[in-house]
Each structure stands twice: as C-alpha cells, then as structure tokens.
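Undergrad: Sequence plus predicted model, see below.
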Amino acid sequence: SQTIHQWPATLVQPVGSPLSLECTVEGTSNPNLYWYRQAAGRGLQLLFYSVGIGQISSEVPQNLSASRPQDRQFILSSKKLLLSDSGFYLCAWSASWRGGNTIYFGEGSWLTVV
Amino acid sequence: GENVEQHPSTLSVQEGDSAVIKCTYSDSASNYFPWYKQELGKRPQLIIDIRSNVGEKKDQRIAVTLNKTAKHFSLHITETQPEDSAVYFCAASINTNAGKSTFGDGTTLTVKP
C-alpha cells in the first residue's frame, strides 16, 4: 500500500531564517505531488504541485519554493521566512496514472515563525 | 479556473440529528468530487467521493449526492455522533494529469451530546 511521510512534524523558526520541509511517498511511482498550506482555522491553499521530477508549478507568488529531486521526494523551502509563513503545511500525493484524482495527505508540519 | 463554494461555514447539531453540507462548483468539466474530514490538528482524510456519472453514493451513515445540471453536490451525515465533530472539506477536480483539486473553505461541524 501507499504511504506518505513528511517531516519535521513541528518547528519554530525565527523570522529571516531558512526553511526545509521534506516529504516522501512510498509504494507508488510517478505520483503527482502537492504542497498545501492551511492557516489557523482556514481552508487549504495549494502552493505547489509537480507531475514529475524537476517539474514544479507554483500556484501563488510567495517567498517559498519547491523542488522534486527524485520521483517520490518533494521539498518545500524558503531562504528567509516571514511571520505570515506560519501555518500547517501538508504534503500530498495523487496517482497520475489513475483517474479520480483522490488526494492523500501527509501528517502535516506545524510551522511557527517568531 | 474552478471555483468551489461551501456552505455553511459552521454547523451545530444535536447528537442523532442529520447534518447536510452543500457545495457548488463552477467548471462544468469537473468530474470528481471528494469529501474530506479533518479532525483538530490532523490531516484531512477522504471519507467519501463521487464521480460525475453517478448521482448518489452511500457509505453507512454518510451519503453524497451530485446534481450535474445545477453544479452542486452535498454531504449528508445521518444519526450524527460526537466523533463526527470535525472540519469537512469538499473538492472538485477534472480528471487530468495534473490532478489538481479545488477545495471549498470547509465546514466546522459540532455534534452536541
């Protein structure tokens, strides 16, 4: 069966510091990969998605970036964090070879920028 | 692009009552409609989904209906229990390679014992 893991689970970072969140998917190949952000009590905002290695599409302009160095690895980064970057970050995947586009989420990473 | 509106934003019911959450979508090409449940501090998890060639789907106390003509779909929870309390998200997507889904803003359901 397929599983998705992301880490770290929680982190507190000062303003201006860098960020790296990592996500891996197991049990499938060539998945679509996504990064979502959820502010406290709010909905799901799609930040980036990727349909293949090195292919990244950005949904919203921001100081974040994403990379996909391997088929099942997705990384969210920032060079300098802002207070507004605080939130719950969710990595997710869907099976590109199968219709239906069910999105499966990782456990999430709580980021607090102080 | 696709736009999904979800109502109500909050819903409070007594245990045992039914709860209904409604979503409308804008893109007539959307053909897949999942519903997710997110408990506090946890990840959203799929609870039920429906495709455009089906009008209704049921799984125990949960059911989803789809009206393609009106471009709306609804989640129905019967005999609600306190553990049904959570945030529920609807979504709509087109069966394309990108697999992107557009989510509603969520409904916070509270089931009072």
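TA: Looks like it came in fine.
Undergrad: how deep is residue 14 tucked in, by neighbour count?
TA: With no chain named, the answer covers chain A. By other C-beta atoms under 10 Å in any protein chain shown, 8 other residues sit near A:Pro14. Just so you know, the C-beta spots here come from the backbone N, C-alpha and C atoms, and that holds for glycine as well.
Undergrad: um, chain B though
TA: Using other C-beta under 10 Å, B:Gln14 has 9 other residues around it.
Undergrad: pretty sure it is in contact with B:Lys112, am I right?
TA: Yes. With contact defined as C-beta atoms under 8 Å, B:Gln14 counts as touching B:Lys112 (5.4 Å).
Undergrad: List the buried residues of stretch B:36-43.
TA: B:36-38, B:43 (16 or more other C-beta atoms under 10 Å in any protein chain shown).
Undergrad: Next step: these restricted to helices.
TA: If you go by DSSP state H, the buried residues of stretch B:36-43 have nothing in helices.
Undergrad: For B:Lys58, give the beta-bridge partners.
TA: B:Ala63 (DSSP bridges).
Undergrad: what's the burial count for it?
TA: 12.
Undergrad: try B:Thr107
TA: Neighbours of B:Thr107 using other C-beta under 10 Å come to 22.
Undergrad: Near chain B, which residues of chain A are found?
TA: By C-beta under 8 Å from any C-beta of the partner chain, the part of chain A that sits against chain B consists of A:32, A:34, A:42-44, A:46, A:49, A:51, A:57, A:90, A:94-96, A:99-108.
Undergrad: Good, we can wrap up now.
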